[in-house]
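Q: How does the following fold in three dimensions:
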Amino acid sequence: MTVRLRAHHLLCMLTYVGKGYTPAFCTNYDAITARLTSGEDIEIVAGPDDVCAPLLSTDDPHCHNDSVPVRDAEAAAAVSALLETPVSDGFRLSLDAMTLTRFQAAFAAGTTRTACGGCEWSELCDSVAAGGFHGTRLSKT
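A: Numbering: from 1, shown residues only. Predicted coordinates for the structure are as follows:
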């Protein structure tokens with residue numbers, strides 16, 4: 001199987017520590033990080049992804065806000081620069097220990113955080129990155 005992620009969720013998962021919008025959201029995110037830790041590949045998608053799934057049945061899911069595709073484009077550009085290859089819809093990636101370490105280092109240094117501007121979770125992500133990603137649900141395989 002493959003985990004479907006929007007480009008900005010590729011960054012969000014780096015600091016996920018079990019906090020989120022709803023209990024259902026967290027349960028789903030826990031399952032996704034477990035799948036990734038066990039070695040499943042990632043496919044970048046445009047629009048709502050596996051992380052968004054529990055929110056799509058709510059009255060006004062933010063997944064459809066105009067700002068989200070902008071955030072995805074900024075994240076895709078940052079990840080493209082990090083990986084030195086174009087990252088867009090359909091791009092596939094394996095998140096092995098070396099790649100995860102590379103992503104975390106770039107995130108902690110701020111080089112992949114353009115997409116994070118204005119995000120309500122930024123303060124938490126800053127703290128997690130500053131703490132060496134301690135307690136994150138996604139671990140190195």
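
Q: Stretch 103-119: end-to-end distance?
A: End-to-end distance for stretch 103-119, by Cα to Cα, to the nearest Å: 19 Å.

Q: quick one: contacts of that stretch?
A: 7-8, 10-11, 14-15, 67, 71-72, 74-75, 77-79, 81-82, 95, 122, 125, 129-130, 133 (Cβ atoms under 8 Å, 6 or more residues apart in numbering). For the C-beta atoms, the positions are set from N, CA and C on the backbone; glycine is no exception.

Q: make it 6 Å
A: For stretch 103-119, contacts defined as Cβ atoms under 6 Å, 6 or more residues apart in numbering pick out 8, 11, 14, 71, 74, 75, 78, 82, 122, 129, 133.

Q: Looking at those residues, which is nearest residue 88?
A: The closest of the contacts of stretch 103-119 to residue 88 turns out to be residue 75 (Cβ to Cβ; 11.1 Å).

Q: can you list contacts of the lengthiest helix in the chain?
A: Longest helix in the chain, counting residues (DSSP state H): helix 67-83. Contacts of helix 67-83 with the rest of the structure, by Cβ under 6 Å, 6+ apart, involve 6, 7, 8, 11, 86, 87, 106, 112, 114, 115.

Q: Tell me which helix or strand comes right after the host helix or strand of residue 105.
A: Residue 105 belongs to helix 97-109 when assigned by DSSP states H and E. Sequence order places helix 122-130 as the next helix or strand after helix 97-109, per DSSP H and E.

Q: Show me what counts as buried in that following helix.
A: 125, 128, 129 (16 or more other Cβ atoms under 10 Å).

Q: Just the CA coordinates for it, please, in PDB.
A: Extracted in PDB, the C-alpha atoms of helix 122-130 (Å, rounded to 0.1, in the frame of the first residue of the first chain):
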ATOM      1  CA  SER A 122       3.800  26.400  14.000                       C
ATOM      2  CA  GLU A 123       4.600  27.000  17.700                       C
ATOM      3  CA  LEU A 124       4.200  23.300  18.500                       C
ATOM      4  CA  CYS A 125       6.300  22.300  15.500                       C
ATOM      5  CA  ASP A 126       9.000  24.800  16.500                       C
ATOM      6  CA  SER A 127       9.100  23.200  20.000                       C
ATOM      7  CA  VAL A 128       9.200  19.700  18.700                       C
ATOM      8  CA  ALA A 129      12.000  20.500  16.200                       C
ATOM      9  CA  ALA A 130      14.000  22.300  18.900                       C
END
